[in-house]
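Undergrad: Structure for the following, please:
(chains A, B, C, D and E, ligands or ions: 5)
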Amino acid sequence: AKSTEKGKIVINGSSALLPLTLQAASEFKKDNPKVKISASAAGSITGPQSVRKGIADIGAVDWDASKDVPGFKKFDGLVANPVAVTVFTAVVNTNVGVSNLTTKQLQDIFSGKVTNWKEVGGSDANIVVVNRKFGSGTRVNFQQKALDGKDFMSKGDNYKEVGSSGDMKTTIETTPNAIGYIDLPYVTSKMKAVSINGVAPTEKNVLNKTYKVWGIGYYMTKGQPTGATKAFIEYIQSSKFQNGSLKKLKFIPLAAVK
Amino acid sequence: MQSIIEINQLNLYYGQFQALKDVSIEIPERAITAFIGPSGCGKSTLLRTLNRMNDRIPGTRIEGKVAVGGTDIYSGEVHVETIRKKIGMVFQQPNPFPKSIYDNVAFGPKQHGIHGKKKLDEIVEQSLRSAVLWDEVKDNLKRSALSLSGGQQQRLCIARALAVEPDILLMDEATASLDPVSTFKIEELAHELKERYTIVMVTHNMQQAARVSQQTVFFLNGEVVEYSATQDMFAEPVDSRTQDYISGRFG
Amino acid sequence: MQSIIEINQLNLYYGQFQALKDVSIEIPERAITAFIGPSGCGKSTLLRTLNRMNDRIPGTRIEGKVAVGGTDIYSGEVHVETIRKKIGMVFQQPNPFPKSIYDNVAFGPKQHGIHGKKKLDEIVEQSLRSAVLWDEVKDNLKRSALSLSGGQQQRLCIARALAVEPDILLMDEATASLDPVSTFKIEELAHELKERYTIVMVTHNMQQAARVSQQTVFFLNGEVVEYSATQDMFAEPVDSRTQDYISGRFG
Amino acid sequence: MSMKKQANAVPAYSFGKRRGASTLMDRIFTGMVWGVGIVVILFIVGLLFLLLEKGLPLLSWDFLYGVPSEIEEGGGIGPALFNSFYVLILSLLISIPIGMAAGIYLAEFAPNNKLMEIVRICVEGLSSVPSLIFGLFGIALFVEFFEIGLTILGAAVSLAFLNLPVLTRVTEESVRAVPVELRNASFALGSTHLQTIRNVLLPVAINGIMTGICLTAGRAFGESAVIILTAGVSTSGEMWDFNLLSPGGTLAVHLWYIQSEAIVPDAEEIAQKTTAVLIFVALLINVLFRVPLWLNARKNQA
Amino acid sequence: MIDLNPSTNSPAPSELGSSIGKAPGSGTRFDRKARLRWSNKLFRMICIGSTLFVCLVLLCILVLMLRTGVLTFADVSLSEFFFSTNWDPENEHYGALTFILGTLALTGLTMLFSIPISVIIAVFLAEMTPKWLRHILRPVLDLLVGIPSVVYGFLGLTILIPWLRDISGHDLADGLLAASIVLTIMVLPTISRISDDAISAVPNKYRDAAYALGTNRFQTITRVVLPAARGGIMYAVILGMTRAIGETMAVVMVIGNTAQLANSLFTPTAVLTSNIVMQISSVEFDSTWNHGLYMMGFILLAISILMIVAVRMLQKKGGRYS
Ligand SMILES: Nc1ncnc2c1ncn2[C@@H]1O[C@H](COP(=O)(O)OP(=O)(O)OP(=O)(O)O)[C@@H](O)[C@H]1O
Ligand SMILES: Nc1ncnc2c1ncn2[C@@H]1O[C@H](COP(=O)(O)OP(=O)(O)OP(=O)(O)O)[C@@H](O)[C@H]1O
Ligand SMILES: [Mg+2]
Ligand SMILES: [Mg+2]
Ligand SMILES: O=P([O-])([O-])[O-]
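TA: Ligands and ions are numbered 1, 2, ... in the order given. Take a look at the predicted model:
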């Protein structure tokens, strides 16, 4: 049934949610041919800011931007529409012998207190810390949920920052002794996901509530969504999409964690 | 003879250097005027002022008046393109375009709105014949002009200038690198053209000046030393320096 | 007179076009040889083969032998730079470098390893004097060579060639754009130089050929029609075409 | 008036090797130039091999024509490929006339003074502005001021701005390099300045100008930052969408997206194939632009 | 001899005078001329307009940068911004010196690598290669420009850096050297192709003159051809340099993005562009942080203009006779 919904939806913000958005957009357009959707991903924080400024209808963001989070003030007047659950995990290069880290060890590694793998049970090698850039939704979530809000280091010979999940993936894959963190869907066989406090980062462990490092991605709108925007958000929240494409994209449906 | 160009109190400076000093001469219509004088005395410079090609040399400053047919060509009223169309020029060093022979000659007419292929073909042939080059190049008019010999290039430039049918033709040592036969033919052409055109030529060849020109102007260090009808000048020069120069004793 | 250059059965092609046909001549040492002939007959081409400047024209093919002082200059053994250093050349069209006058003249010596400022100054002055340009430019040797008049540029090129002290000097119509006085001085220079150098000059000026050269070669369409001692050729040319040409009746 | 000459009168005619440093330098120089030349050629060949090796054999029409997929393998790049050409052509249509006109002004009409020197420096300065900032500029202009959102039009114009300085300066220098004698010859025939420019200067300068156009076309083709900001990452999802206001993700943007965020399982393969297509198309553009030059050169060979 | 134009008779001088003057002409010839002049004028106006337009774009960008950028100094002192190396905006430290020095060092290093190689390649193309090779090489070099910067960055990340890590022994080889190598490859086509054109445009008569004096190729090229082309080479260098200064996407992948002064070529560090691109879309629009990034954009422009002026002065120091 073709709908009569028309209009233009501009989406900006988180790059981690982009595959989801693009997939939803192409499905949505089939049913709503009169709706034009343009999606970009300049960065998580750009989403709500663009919405507030009126240059985007939807701001995709990896945290609830209507509330304060470390480093970012809340956006008054914006409504957070949850769309998906994402799981984050610490990852290391395959040459690293360590496969489990405690929260404390993670905090020490990412703040630069511990610089050698042997201090956390590995072989004698310098730890290379790879961090996402400031403002990344992944970083915000990882800091809050895996590091309990502890700060990252920001300098050092063995510390670098990368701009995107793809760069993180490539860097971890190619840099011996490196540790970083990433959205679960990006984990490949050329890197190793690390268990935290003995719990492996798997969908099962999220669903049984043992693995804590996950977050909800939101679509921020100015006030309650209306028109085509509303229809689009409803589509993405629909169980058809949540249990279909969203799952295939390795996100977790919202309903599963309720 | 009526004069067609009148130059009055002309001074020309290249930056600080004064290349022409108080030049005042008249150039008669439908006749050949020769400029002679030692190298570097300002002949080319004066020639360039006649069709305002000196406009193109930065740092050039001019004082005085140059009138062509009574019109001051340095006044704001005139269009420099019209001047240059009516007053053609052949440069001291051949400067063909990096195009074919045909395109070189047809260039001017095309710019002035002639486009018919037949008409152009005709103009190209006529001009090349007049410049005594036709026989050497007629088999391959599409050949690049840059592959011609020095003298051929110079004749091509003459043909190119003739093709726009100017009223006055300025020739800067146009025959310097030509053999006697071609030179003779160009002189003949000049002789014929002067029935209808006015010609000003720079030459280093006294015989040539004596042979073809009706009026001769002798320059020294940017000044006009003497100017008069050619036969008078070569018979009895007034100034001793002229005397010395034309008899080759100067310097 | 001993001959220093021997050209044997030389054929030269520009692509398909044969510009020199079976040329065989000898050029005597310490004398002036003049090449004459109508424009486009191959004079410049032959001159270029003598210091292998034709190597630089793509599509040129050569057959036959050119020996200088008994050495075949087209054999693999010789160094083309050495040839060109010993055999200087002045081109038909003046081609000063876009550098100062001083740098133009000092260029050759510098490249050949002379660096002392005093020595260079001396060479520059001497060369410019020999080329009759010194007085005109001595006040401002730092001036750009491109702002010189046509004739001045040509003399500068002569000075530049002299500055490397070649043994043989090739001059392609080097005096074509010079006034009689400068021409006379260059001729005088040539006359003097021939006591120690060998000179080959292309000229369109029969008088000049007659005046300064000891041997004359007459070309037509890439062929040598006649070559002999100058006074013989001008007194009694063997070939009727030569006769016609030097008396100006040809064509 | 005589040349000093200390060598004895009859020269010894050996044209053998000249001793001395300069011959040695010549050898070294020639060797070095050839050496560097060959190394760079090998490097380029290696680079191209590296980039094409995996992707090229996998290319198929489906890939070129298909619509991207986020979940399943086998997604194509059709709309992005189309957008690449569309944005490129639009931006060249804007930047070539303006850039060339400005270059011609600087080379031919501009007075020779300090002000123009400053203008030149400004133009060069403009060429150092990071593409990202052109993107921000495009946002300020199109998204915020004209309020048309993320569009092909915005991307094309922003890209044109990005390319203006290079085109301007390259045109200027190429026109300036035309020998003054040719200019004089044309003017002396009574041609107007415009005629001289069109019929003498541009034909002679065309080689250089083409270099400039190829360089800017390449830059526009490979640019991603500007487009992400002004035209978005998405496409309209249709192959032949000529609407100027459609979202305009191009091939380079698609590659960026695939490399940095996509989750689709064959991302790596898509990236390789996309790279191969990009290189292929860039080569095609370069060759296409040059064909007229080659024909022209054949005609007027000196 | 052929009669050149039997139909026209030479005009009397007065006629010639008036035809030269602007007197209203008659018939189609006048129309044509008027049209030509008009189009000439129009063209000139278009050219002036275009130049103004290019300047206007720059002006707009400057305003865009500066308008937001100056707000930085409401919260940060000039001296902190320009002379402190502590960039830690989360804790209110806004020292941009690290990035300024980084940009200078990276640009310098890149130029050090790329200028000699590019000019040699240009000489190779213009003076030494056989024609067929030249016809292949030119488009291939231009092709390198069309490869997206993310591809260069990716290759840098996956091939260059592991290699540098191996030879340097560092745990992480991101830094100035990696970035400058990537940039060198990226600007190589720009510098070498434009220089190539400049060298090719040097008239052959200069080469002939030099060779006829017995100089060898080395001398001819270095003493005559390159000096005659130096203007063109200079602006090739400038365009390459500005490209290097302004490049972001590739640099950001290999430089490490750590706001610290590099104590070696292998230390992760950051430059103006990389820092801007990493952070500008990640901070709040109206924060001092954001303003500081805009200010850094402005500084980047200022630096590049200074460098351009410097290159021009260096170039002018040799004689100029062209
Ligand atoms: N590069 C070239 N390619 C093809 N043909 C050429 C080339 N150079 C010269 N020619 C032709 O070769 C012939 C001889 O040329 P050359 O320059 O030797 O003549 P020349 O005797 O010096 O004439 P001039 O007195 O006019 O200088 C001419 O017909 C010319 O057109
Ligand atoms: N562009 C220029 N800048 C500065 N001085 C110049 C320029 N052109 C010519 N001159 C000088 O002006 C004087 C006159 O030059 P001009 O070219 O008119 O000489 P000429 O009489 O034509 O000489 P020739 O017979 O050698 O061609 C010369 O001293 C020359 O050096
Ligand atoms: Mg002159
Ligand atoms: Mg000749
Ligand atoms: O989703 P990100 O903001 O971490 O790219």
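
Undergrad: For chain A, give me its nearest residue in the stretch 201-322 of chain E.
TA: Closest contact between the stretch 201-322 of chain E and chain A, by C-beta to the nearest C-beta, is at residue E:282 (2.3 Å). Bear in mind the C-beta positions are built from the backbone N, C-alpha and C, glycine included.

Undergrad: Go ahead and confirm that residue touches residue A:134.
TA: Yes. Between residue E:282 and residue A:134 there is a contact at 5.5 Å, judged by C-beta atoms under 8 Å.

Undergrad: These two: who's more crowded?
TA: For residue E:282 versus residue A:134, neighbours defined as other C-beta atoms under 10 Å in any protein chain shown are more numerous around residue E:282 (24 against 20).

Undergrad: Provide a list of residues in contact with that one.
TA: Going by C-beta atoms under 8 Å, 6 or more residues apart in numbering or on different chains, residue E:282 touches A:43-46, A:133-136.

Undergrad: Dump those into CSV; add secondary structure, pLDDT and distance to ligand 2 as well.
TA: Below are the contacts of residue E:282 laid out as CSV (DSSP: H, G, I helix; E, B strand; the rest coil; pLDDT from 0 to 100; distance: C-beta to the nearest ligand atom, whole Å):
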residue, secondary structure, pLDDT, distance to ligand 2
A:43, coil, 78, 60
A:44, coil, 80, 65
A:45, coil, 84, 63
A:46, helix, 84, 60
A:133, coil, 89, 60
A:134, coil, 87, 62
A:135, coil, 84, 62
A:136, coil, 86, 64
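
Undergrad: which of those are close to chain E?
TA: Near chain E, judged by C-beta under 8 Å from any C-beta of the partner chain, the entries from these are A:43-46, A:133-136.

Undergrad: in which helix or strand would I find residue E:194?
TA: According to DSSP states H and E, residue E:194 maps onto helix E:176-200.

Undergrad: what distance separates that helix from the middle of the whole chain?
TA: Relative to the chain's own centre, helix E:176-200 is displaced by 10 Å; criterion: C-alpha atoms, centre = their mean, to the nearest Å.

Undergrad: So that helix, near chain D or not?
TA: Yes. Shown here: helix E:176-200 in contact with chain D (C-beta under 8 Å from any C-beta) through E:185, E:188-190, E:193-194, E:196-198, E:200.

Undergrad: Just name whatever secondary elements that helix is in contact with.
TA: Contacting helix E:176-200 under the criterion 3 or more C-beta pairs under 8 Å, 6 or more residues apart in numbering or on different chains; DSSP states H and E are the following elements: helix D:152-176, helix D:202-222, helix E:97-123, helix E:131-146, helix E:149-155, helix E:161-168, helix E:230-246, helix E:251-254.

Undergrad: is the longest one anywhere near chain D?
TA: Spelled out, it's helix E:97-123. Yes. Helix E:97-123 lies within reach of chain D by C-beta under 8 Å from any C-beta, at E:117, E:120-121, E:123.

Undergrad: Also stretch A:181-195?
TA: Yes. Under the criterion of C-beta under 8 Å from any C-beta, stretch A:181-195 makes contact with chain D via A:185-186.

Undergrad: now chain B, which segments are flagged as low pLDDT?
TA: Along chain B, the model assigns pLDDT under 70 to residues B:1, B:248-251.

Undergrad: need the contact list for the closest residue to ligand 3 within it.
TA: Closest to ligand 3 within chain B is residue B:44: 3.0 Å, counting by C-beta to the ion. Counting by C-beta under 8 Å, 6+ apart, residue B:44 makes contact with B:92, B:172, B:202, C:149-150.

Undergrad: Dump those to CSV, plus neighbour count.
TA: Converted to CSV, the contacts of residue B:44 look like this (neighbours: other C-beta atoms under 10 Å in any protein chain shown):
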residue, neighbour count
B:92, 24
B:172, 21
B:202, 25
C:149, 21
C:150, 23
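
Undergrad: Just the closest of those residues to chain E, please.
TA: Relative to chain E, the closest of the contacts of residue B:44 is residue C:150; by C-beta to the nearest C-beta it sits at 14.2 Å.

Undergrad: Now the closest one: closest residue in space, sequence neighbours ignored.
TA: residue B:92 (4.2 Å; C-beta to C-beta, 6 or more residues apart in numbering or on different chains).

Undergrad: Contacts only, for that neighbour.
TA: By C-beta under 8 Å, 6+ apart, the neighbours of residue B:92 are B:44, B:172-173, B:176, B:202, C:150, C:177.

Undergrad: switch to 7 Å and redo it
TA: B:44, B:172-173, C:150, C:177 (C-beta atoms under 7 Å, 6 or more residues apart in numbering or on different chains).

Undergrad: Pipe the residues you listed into TSV and attach secondary structure and distance to ligand 1 per row.
TA: Listed next are those as TSV, based on DSSP: H, G, I helix; E, B strand; the rest coil; distance: C-beta to the nearest ligand atom, whole Å:
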residue	secondary structure	distance to ligand 1
B:44	helix	21
B:172	strand	17
B:173	coil	14
C:150	helix	16
C:177	coil	13
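
Undergrad: Please dump the residues you listed into JSON lines; it should also carry distance to ligand 5 for every row.
TA: Shown next, in JSON lines, are the contacts of residue B:92 (distance: C-beta to the nearest ligand atom, whole Å):
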{"residue": "B:44", "distance to ligand 5": "72"}
{"residue": "B:172", "distance to ligand 5": "73"}
{"residue": "B:173", "distance to ligand 5": "76"}
{"residue": "C:150", "distance to ligand 5": "71"}
{"residue": "C:177", "distance to ligand 5": "74"}
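
Undergrad: if we can go back for a sec, any idea how far residue E:97 is from the residue of the stretch 201-322 of chain E closest to chain A?
TA: 22 Å (C-beta to C-beta, to the nearest Å).

Undergrad: what helix or strand is the residue of the stretch 51-200 of chain D found nearest ligand 4 on?
TA: Using C-beta to the ion, the closest approach of the stretch 51-200 of chain D to ligand 4 is made by residue D:181 at 17.9 Å. Using DSSP H and E, residue D:181 falls within helix D:180-188.

Undergrad: How about that helix and chain B, touching?
TA: Yes. Using C-beta under 7 Å from any C-beta of the partner chain, we find that helix D:180-188 touches chain B at D:181-182, D:184-185, D:187-188.

Undergrad: Following the chain past that helix, name the next helix or strand.
TA: The first helix or strand that comes after helix D:180-188 along the chain, using DSSP H and E, is helix D:193-196.

Undergrad: for that next one, packing partners?
TA: Counting by 3 or more C-beta pairs under 7 Å, 6 or more residues apart in numbering or on different chains; DSSP states H and E, the packing neighbours recorded for helix D:193-196 are helix D:180-188, helix E:27-69.

Undergrad: and that helix, how far from the chain's centre?
TA: So, by C-alpha atoms, centre = their mean, the centroid of helix D:193-196 is 27 Å from its chain's centroid.

Undergrad: In CSV, please show the C-alpha coordinates belonging to that helix.
TA: The C-alpha trace of helix D:193-196 is given here as CSV (Å, rounded to 0.1, in the frame of the first residue of the first chain):
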residue,chain,number,x,y,z
HIS,D,193,42.0,41.2,-27.5
LEU,D,194,39.2,38.7,-27.3
GLN,D,195,40.1,37.3,-30.8
THR,D,196,43.7,37.1,-29.8
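
Undergrad: Give the rounded mean pLDDT of that helix.
TA: Average pLDDT, helix D:193-196: 89.

Undergrad: what do you get for stretch D:91-110?
TA: The average pLDDT within stretch D:91-110 is 93.

Undergrad: what number of residues lie near the closest residue to residue A:203 other than its chain neighbours?
TA: Leaving out its chain neighbours, the residue that sits closest to residue A:203 by C-beta to C-beta, 6+ apart is residue A:252, at 6.1 Å. Neighbourhood size, residue A:252 [other C-beta under 10 Å]: 20.
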